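In: no letters, just coordinates:
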């Protein structure tokens, strides 16, 4: 059995380091003393039984929650209280467990909204739709169309996303996160509620994003097959504590992980 | 029989026999409608961006106009008073964001709605203590608003157009058009709509809620100032204007809470509807139906199209 903190295969330097993070809501401990890192270019999975604190961890990383104790260092910069839009500015994109889209807006507008931080031209010119602003709009539109092609959602370009089936909504949400050109992409159960075919498509998109654009990805997933196929390294949480950290192979053999998932004989 | 004749025949006969009166009535309705639309626009802006029905919009109209007139009374030149009034509205937006919205983030809508009641009564008290409670006269001449009347001979009669009304219609139209383009096509406009739909998703793409709220409340403040100037020039500037501002409610029900074109069309329908109703049918009920007809129209509308004429129909999948 491998001790949780033994270093494993190195793939690039650490992009994000979580050190001794604890998170409490009143008396409830969501996370206790969790440390791990995410290296540049890898796919890092965070797994664990329900209520293990996986989503809380992501929320800490992108600033929705502020850790009660511990530090999070992103790109060499440690910030005590990072706010979500600051995290986005720093290059952290994410999707949500229960899809958070702009339901009244079209697929195109949703993904365009992801370009918010990349668009810079003056407000006045935008109002007139003239000159540099028009050029910028066209440029960003082209970028967004590329994402739409990549995710194969051309046919729903003009559909309000509230009308789309769940699987497609998840895809649009991924598209919006990609439009931010994030350095670190956090995916919270990207395949929840999908059928096999949709899962395969989504897996392919995630791998393509990772390999073609070199985007670092942290993902939460319950489907062990998917986790084992996709991820370079896996961190396992249980009751808010880290119980294992390593390659999928190592984690799979870890007795504490097996106990956590299958239960222990008492 | 007599009643039926008065309801279904006589008014239309009158419209046919005196078309100039009809034109005059419709024109007056349109002007009132444009101003209703302006007020409704203030509500729509804030509702779209923060999901809050801002009860204080009406009082913001009064407050903005009072500030303008009050400053002028203190000897500030008109152009400077306009700029200062804008600054005050910006200050108000900043304060509301910092003191009211930020501490209440993630609270249920009803809490935020109640908070806007608080803002309303604060602004009434604050406005009265600073500028006094007496009605004031809008500085229409100093702002180069035209006065006078042009009479046009048409349809065998005479229709008169107040220059002020024409100006109001033009200014309101330009303002509404600019806002519509702003919402639909600019980066900030898209961010506003995004915030309206989902706070956490908006945050995740890097939109700062605080910044957006300040922008939107300030924009609503600017709309309020323009509305205040126009209404104020037609009557006078007093807290009674707030009641007129509540006319925006039926306009919103008609047009949909999230739609700028809806606010315009709704405003025009209500404005024209109540003037025509009053002029042709009001007598049957002893007059004065203008004050409640708008709400009646809205109520009838709610039964058939609850999301309004242009409201975004948000489909919730279960």
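Out: Happy to help now that I have it. Keep in mind that this is a model prediction, so the values were computed, not measured.

In: how many neighbours does the residue of the stretch 101-250 of chain B found nearest chain A have?
Out: Residue of the stretch 101-250 of chain B nearest chain A, by CB to the nearest CB: residue B:206 (3.1 Å). Just so you know, the C-beta spots here come from the backbone N, C-alpha and C atoms, and that holds for glycine as well. Look at residue B:206: counted by other CB atoms under 10 Å in any protein chain shown, it has 25 neighbours.

In: before we move on, what SS does it have?
Out: Following DSSP: H, G, I helix; E, B strand; the rest coil, the label given to residue B:206 is coil.

In: touching, residue B:241 and residue B:60? I think so.
Out: No: in this structure, residue B:241 is not within contact of residue B:60 by CB atoms under 8 Å, at 10.7 Å.

In: those two: who's more crowded?
Out: Neighbour totals were compared for residue B:241 and residue B:60, and residue B:60 leads with 31 against 23 (other CB under 10 Å).

In: confidence score at that one?
Out: Per-residue pLDDT puts residue B:60 at 91.

In: and it, how far is that from chain A?
Out: 22 Å (CB to the nearest CB, to the nearest Å).

In: so how far is residue B:127 from the closest residue to that residue other than its chain neighbours?
Out: Once flanking residues are discounted, residue B:60 sits nearest to residue B:224: 4.0 Å by CB to CB, 6 or more residues apart in numbering or on different chains. Residue B:224 sits 12 Å away from residue B:127, going by CB to CB, to the nearest Å.

In: and residue A:239, by the same measure?
Out: From residue A:239 to residue B:127 the distance is 56 Å (CB to CB).

In: those two: who's more crowded?
Out: Higher neighbour count among residue A:239 and residue B:127: residue B:127, with 20 against 15, using other CB under 10 Å.

In: any idea of the pLDDT on the more buried one?
Out: 88.

In: tell me which other helices or strands the helix or strand it falls within touches.
Out: Per DSSP states H and E, residue B:127 falls inside helix B:109-131. On a contact count with 3 or more CB pairs under 8 Å, 6 or more residues apart in numbering or on different chains; DSSP states H and E, helix B:109-131 meets helix B:57-73.

In: so is whichever helix or strand comes after the helix it packs on next to chain A?
Out: Where DSSP H and E defines the elements, the next helix or strand beyond helix B:57-73 is helix B:78-95. No: for helix B:78-95, no contact with chain A is found by CB under 8 Å from any CB of the partner chain; the gap never falls below 15.2 Å.

In: hmm, who's touching helix B:78-95?
Out: Among residues not part of helix B:78-95, those counted as contacts by CB atoms under 8 Å, 6 or more residues apart in numbering or on different chains are B:60, B:63-64, B:67-68, B:71-72, B:76, B:139, B:142-143, B:213-215, B:217-218, B:220-222, B:224-225.

In: what residues of the worst-scoring helix or strand of chain B on mean pLDDT count as buried?
Out: None of the helices or strands of chain B scores lower by mean pLDDT, DSSP states H and E than helix B:241-245, at a mean of 75. By neighbour count with 16 or more other CB atoms under 10 Å in any protein chain shown, helix B:241-245 contains the buried residues B:241, B:242, B:244, B:245.

In: quick check: closest non-adjacent residue to the second one.
Out: Counting by CB to CB, 6+ apart, the nearest residue to residue B:242 once its immediate chain neighbours are dropped is residue B:58, at 4.4 Å.

In: start and end of stretch A:87-94, how far apart?
Out: Terminal residues of stretch A:87-94 lie 10 Å apart, using CA to CA, to the nearest Å.

In: one more: stretch A:210-223?
Out: Per CA to CA, stretch A:210-223 runs 19 Å from first to last residue.

In: got it, and stretch A:92-111?
Out: So stretch A:92-111: terminal residues 16 Å apart, CA to CA.

In: any part of that stretch near chain B?
Out: Yes: with CB under 8 Å from any CB as the criterion, chain B is reached by stretch A:92-111 at A:93, A:94, A:96, A:100, A:101, A:102, A:103, A:104, A:105, A:109.

In: in contact with the second one, which residues?
Out: In this structure, residue A:94 makes contact with A:58, A:62, A:177, A:185, A:186, A:187, A:188, B:204, judged by CB under 8 Å, 6+ apart.

In: list the buried residues for stretch B:98-110?
Out: B:100, B:101.

In: still on that earlier bit, which one (most neighbours) among the residues of stretch A:92-111 next to chain B?
Out: residue A:94 (29 neighbours).

In: in the sheet, who's paired with that one?
Out: residue A:186 (DSSP bridges).

In: okay, it: pLDDT?
Out: The predicted local confidence for residue A:94 is 91.

In: same deal with residue B:317?
Out: pLDDT recorded at residue B:317 is 47.

In: which residues in chain A form strands?
Out: All strands of chain A, identified by DSSP state E, fall at A:14-25, A:28-39, A:43-47, A:69-74, A:77-78, A:92-94, A:184-188, A:216-220, A:233-238, A:241-246.

In: please apply the same query to the stretch 201-318 of chain B.
Out: Here the stretch 201-318 of chain B has no strands by DSSP state E, counting those that start in this stretch.

In: circling back to that earlier point, touching, the residue nearest to residue B:60 and residue B:40? I think so.
Out: No: contact criterion CB under 8 Å: residue B:224 and residue B:40 do not qualify, at 11.9 Å.

In: higher neighbour count, the two?
Out: Shown here are residue B:224 and residue B:40; by other CB under 10 Å, residue B:40 has more neighbours (34 against 29).

In: what about that one, which SS state?
Out: Going by three-state DSSP: residue B:40 is helix.

In: surely it is in contact with residue B:268?
Out: No: applying CB under 8 Å, one finds residue B:40 not in contact with residue B:268, separated by 10.7 Å.

In: hmm, back to that, give me the nearest residue to the residue of the stretch 101-250 of chain B closest to chain A, chain neighbours excluded.
Out: residue A:88 (3.1 Å).

In: how about the contacts made by the one you found?
Out: A:62, A:117, A:180, B:203, B:204, B:205, B:206, B:207.

In: and if you look at residue A:209?
Out: Contacts of residue A:209 by CB under 8 Å, 6+ apart are A:178, A:185, A:215, A:217.

In: out of these, which is most surrounded?
Out: residue A:185 (26 neighbours).

In: what pLDDT does residue 5 get?
Out: With no chain named, the answer covers chain A. 45.

In: that was the other one, I meant chain B.
Out: 80.

In: now do residue A:24
Out: 90.

In: quick one: contacts for the residue lying closest to it once chain neighbours are set aside?
Out: If the residues on either side of it in the chain are set aside, residue A:24 comes closest to residue A:68, at 4.7 Å by CB to CB, 6+ apart. For residue A:68, the contacting residues are A:22, A:23, A:24, by CB under 8 Å, 6+ apart.

In: now these in TSV, with neighbour count?
Out: Supplementary listing: the contacts of residue A:68 in TSV, determined by neighbours: other CB atoms under 10 Å in any protein chain shown:
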residue	neighbour count
A:22	17
A:23	22
A:24	14
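
In: closest one to chain B out of those residues, please.
Out: When these are compared for distance to chain B (CB to the nearest CB), residue A:23 wins out at 17.3 Å.

In: ok, what's across the strand from that closest one?
Out: residue A:31.

In: thought it was touching residue A:55?
Out: No: between residue A:23 and residue A:55 there is no contact under CB under 8 Å: 11.1 Å.

In: still on that earlier bit, what does the least confident helix or strand of chain B contact?
Out: Outside of helix B:241-245, the residues within contact range by CB under 8 Å, 6+ apart are B:39, B:57, B:58, B:59, B:61, B:62, B:65, B:124, B:228, B:231, B:232, B:235.

In: repeat that with 7 Å
Out: With contacts defined as CB atoms under 7 Å, 6 or more residues apart in numbering or on different chains, helix B:241-245 is touched by B:39, B:57, B:58, B:59, B:61, B:62, B:231.

In: of the residues you listed, closest to residue A:42?
Out: residue B:57 (51.2 Å; CB to CB).

In: quick one: the residue positioned nearest the centre of chain B and chain A, what's the gap?
Out: Residue closest to the mean C-alpha point of chain B, counted by CA atoms, centre = their mean, is residue B:39 at 0.9 Å. In this structure, residue B:39 and chain A are 23 Å apart, going by CB to the nearest CB.
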